[in-house]
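Asker: Turn this into a structure:
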Amino acid sequence: MDLHFGDSKPTDEERAAVDALLGPPESSWEGADRSDADLRWARGGRAARDRRDLLLPGLHAINDRVGWISDGALDYLCRRLTVPPAEAYGVATFYAMFSVKPRPATVLHVCTDLACAAAGAPRLCAGIEERLGLGSGVSVQRSPCLGLCERAPAALAIRAGDPVRTAVSAPATVHDAVLAASAPDSAPEEPPAALAVPQAGQDGLMLLHRVGVVDPASLDDYRAHGGYTALRRAFELGPAGVIREVTDSGLVGRGGAAFPTGRKWQATASQPDRPHYLVCNADESEPGTFKDRVLMEGDPYALVEAMTIAGYATGAHQGYLYLRGEYPRALHRLEHAIAQARARGLLGDDVLGQGYAFDIEIRRGAGAYICGEETALFNSIEGYRGEPRSKPPFPVEKGLFGKPTVENNVETLVNVLPILTLGAPAYAAIGTERSTGPKLFCVSGAVERPGVYELPFGATLGELLTLAGVRGGLRAVLLGGAAGGFVRADELDIPLTFEGTREAGTTLGSGVVMAFDDSVPLPRLLLRIAEFFRDESCGQCVPCRVGTVRQEEALHRIAERTGAAAADDIALLREVGRAMRDASICGLGQTAWNAVESAIDRLGAYA
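Answerer: Numbering: from 1, shown residues only. This next block holds a predicted model:
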């Protein structure tokens, strides 16, 4: 296949960014300044195709160094990886954090999603734009959820360079956000992760017991508080024994799908095709979700240990940790933890001297909610647009790079540690018969103490909100985030289990609990949810691509009318919602109508 490149040339800085990742080019075909004689042939074939997965890291390298991706930089990266530029352009434009048009080196992302919108994000954006004005050298971007809902409203400043600099302002004021963008190194230090855990230091916690207690940078401190006990237990049990414990514990996925973890691990381990891969989905992008961020920032070694156990049980020797691009502190903590674990023999060719080889590589997302879907995540890692794949085949048969793959999110994996240290029967005794173990809940909105809470399955919504200090005038609670559903203020006796929320006609999802009082205009909230899904749809399938647009359009029209005049558009919303739910390829389209439907039926919106 001929690859057609343009005439644009990379700048020295762009070339240096790519070469720092890939090493110097070996031939003129790859862009080396040598004789044109070796342009008559190319080193390609399998070796070239096997480097396609470095496309996303390469785009990050350019964007981090320069702030945007020029034609010349994209062409140079494509030469190095033997990727058609047209395909790479499609990948670069898929992600919200990249730009293929010139922009200032500093970008200030200001969250305008649900929790931040309720906390005054529109006024914050207006104030920041007025303060900075034109010619400030800062690009202000209204952003979907930044995963900082407990400190809403939130802003994230990213300044390109070598190295790239970041600063978080949350709860953000106009002054603090402008300071973060103008001088990231001078911005106030982000508060410790423990402040996001109101229960920090309390007895009885299983998943959060180290957050705020141990130094997240210290491997020795982690081991002094029970770290790597579970991995040693895993080696005693053997792979089959670990899978049996996980299966007997009743652990199900904590990302929302609630699929039995033991069954997934067993299905992957039994596949004869090799190699096997492990993927940790740390791309939590559901508005209102931030529990995985708190775990990674406050207890990073726990995730490293849990991934090692999962890899051992499923026969994987390589793990990929796909991390949200908006989590700079989690990235630094995990990079340090992985390096320390590798240096101490807890990762690498011979983990703990047991003859088992396992290592972890971090891959950064770049602002695409759809990449939280497991097969879209695989495509993203492989260097393609993050579009979901049709199933079957399922990931346990053909996942990452077409090989058997087990994929779990952060909270699911961290649950494996108490399963192995306590034993499956003791773990299964926590919670209810069908929803076992502890669960993390992300509480934000109209509460006095927002943050991540750990409760056993079976606690009621009212009990959780009492812990968080719900304010007066509660109007509604959104369970499960934008893809979830609303419940009324008189429905707080709903048990927080997968089966309990299902019987109540709503969903637990990933554990989002967002409280809204009478000060929040419900129509504006629903319109923001519709805007979110329209923006985040990958556009691959017609029901979602068209349906999310029609949903937003109808809500705009309804906002301008009332009563009988809106009846036709509500009927249209129901028809479009059913089509998206029944015919969309993945969960984004299938759940895009849930929150709006629940607001109409349970809260009487637009009545």
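
Asker: Mind naming the longest helix for this protein?
Answerer: helix 229-249 (DSSP state H).

Asker: Now do the buried residues in that one.
Answerer: 230-231, 233-235, 237, 239, 242-249 (16 or more other C-beta atoms under 10 Å). Placement of C-beta: from N, CA and C, glycine included.

Asker: what do you get for stretch 314-329?
Answerer: Buried residues in stretch 314-329 (16+ other C-beta under 10 Å): 314-328.

Asker: Quick one: end-to-end length of it, please.
Answerer: Using C-alpha to C-alpha, to the nearest Å, the end-to-end distance of stretch 314-329 comes out at 30 Å.

Asker: For that stretch, what does the pLDDT average out to?
Answerer: Averaged over stretch 314-329, pLDDT sits at 97.

Asker: Equivalent analysis for stretch 148-156, please.
Answerer: Here the average pLDDT along stretch 148-156 is 97.

Asker: quick one: residue 443 is in a strand?
Answerer: Yes: applying DSSP: H, G, I helix; E, B strand; the rest coil, one finds residue 443 inside a strand.

Asker: quick one: pLDDT of it?
Answerer: Residue 443 is given a pLDDT of 98.

Asker: just residue 606 next, same as before
Answerer: Note for residue 606: predicted pLDDT of 78.

Asker: quick one: it and residue 566 touch, right?
Answerer: Yes: at 5.4 Å, residue 606 and residue 566 qualify as touching, with contact defined as C-beta atoms under 8 Å.

Asker: What's the local residue count around residue 394?
Answerer: Residue 394: 16 surrounding residues under other C-beta atoms under 10 Å.

Asker: If we ignore the residues flanking it in sequence, what's nearest it?
Answerer: residue 267 (8.0 Å; C-beta to C-beta, 6 or more residues apart in numbering).

Asker: Check the secondary structure at residue 582 for me.
Answerer: Secondary structure of residue 582, per three-state DSSP, is helix.

Asker: For it, grab the count of nearby residues.
Answerer: Neighbours of residue 582 using other C-beta under 10 Å come to 10.

Asker: For it, give its distance to residue 326.
Answerer: 32 Å (C-beta to C-beta, to the nearest Å).

Asker: Repeat that for residue 278.
Answerer: Counting by C-beta to C-beta - residue 278 and residue 326 are separated by 23 Å.

Asker: Ok, residue 6 next?
Answerer: Counting by C-beta to C-beta - residue 6 and residue 326 are separated by 31 Å.

Asker: what does residue 27 give?
Answerer: Separation of residue 27 from residue 326 (C-beta to C-beta) stands at 37 Å.

Asker: Ok, residue 194 next?
Answerer: Distance from residue 194 to residue 326, by C-beta to C-beta: 21 Å.

Asker: again with residue 117
Answerer: Residue 117 is 17 Å from residue 326, by C-beta to C-beta.

Asker: Also residue 26?
Answerer: 35 Å.

Asker: Also residue 407?
Answerer: Distance, residue 407 to residue 326, by C-beta to C-beta: 21 Å.

Asker: try residue 7
Answerer: Counting by C-beta to C-beta, the gap from residue 7 to residue 326 is 35 Å.

Asker: Then residue 471?
Answerer: Per C-beta to C-beta, residue 471 is found 28 Å from residue 326.

Asker: same thing with residue 314?
Answerer: In terms of C-beta to C-beta, residue 314 sits 29 Å off from residue 326.

Asker: Could you pull up the residues touching the spatially most central residue of the chain?
Answerer: Closest to where the C-alpha atoms of the chain average out (C-alpha atoms, centre = their mean) is residue 283, at 1.7 Å. Residue 283 is in contact with 322, 323, 324, 365, 371, 372, 377, counting by C-beta atoms under 8 Å, 6 or more residues apart in numbering.

Asker: change it to 6 Å
Answerer: 322, 324, 365, 371, 372 (C-beta atoms under 6 Å, 6 or more residues apart in numbering).

Asker: What values do phi and psi take at it?
Answerer: In terms of degrees, to the nearest 10, the main-chain angles of residue 283 are phi -100, psi 40.

Asker: Please determine how far it is located from residue 585.
Answerer: The gap separating residue 283 from residue 585 is 18 Å, by C-beta to C-beta.

Asker: picking that back up, element containing the residue nearest to residue 394, please.
Answerer: Using DSSP states H and E, residue 267 maps to helix 261-269.

Asker: With residue 376 instead?
Answerer: helix 374-382.

Asker: which residues sit against that helix?
Answerer: 53, 320, 322, 363, 370-371, 386-389, 395, 399-400, 407.

Asker: Ok, stretch 95-103 next?
Answerer: 59, 63, 68, 69, 92, 93, 139, 325, 366, 367, 368.

Asker: Let me see the contact set for the first one.
Answerer: This means residue 59. Residues near residue 59 by C-beta under 6 Å, 6+ apart: 92, 98.

Asker: Moving C-terminal from the least confident helix or strand in the chain by mean pLDDT, which element do we reach first?
Answerer: Least confident helix or strand, the chain: helix 45-49 with a mean of 66, by mean pLDDT, DSSP states H and E. Sequence-wise, the next helix or strand downstream of helix 45-49 (DSSP H and E) is helix 55-66.

Asker: The stretch 101-250 of the chain: strands as residue ranges?
Answerer: Secondary structure of the stretch 101-250 of the chain by DSSP state E, counting those that start in this stretch: the strands cover 106-111, 138-143, 155-159, 165-169.

Asker: who are the neighbours of the first one, in terms of helices and strands?
Answerer: Spelled out, it's strand 106-111. strand 138-143, strand 155-159 (3 or more C-beta pairs under 6 Å, 6 or more residues apart in numbering; DSSP states H and E).

Asker: what comes up buried for the shortest one?
Answerer: Translated: strand 155-159. 155, 156, 157, 158, 159.

Asker: Show me which of the residues you listed is closest to residue 147.
Answerer: Checking these against residue 147 by C-beta to C-beta gives residue 156 as the nearest, at 9.5 Å.

Asker: so the closest one bridges to which residues?
Answerer: residue 109, residue 168 (DSSP bridges).

Asker: Touching, it and residue 145? I think so.
Answerer: No: taking C-beta atoms under 6 Å as the definition, residue 156 is not a contact partner of residue 145, at 11.1 Å.

Asker: Give the intersection of the neighbour lists for those two.
Answerer: Counting by C-beta under 6 Å, 6+ apart, nothing touches both residue 156 and residue 145.

Asker: Where does pLDDT dip in the chain?
Answerer: In the predicted model, the chain carries pLDDT under 70 at residues 1-2, 34-49, 562-565, 607.

Asker: run the last query once more with 50
Answerer: Counting by pLDDT under 50, the chain has low-confidence residues at 1.
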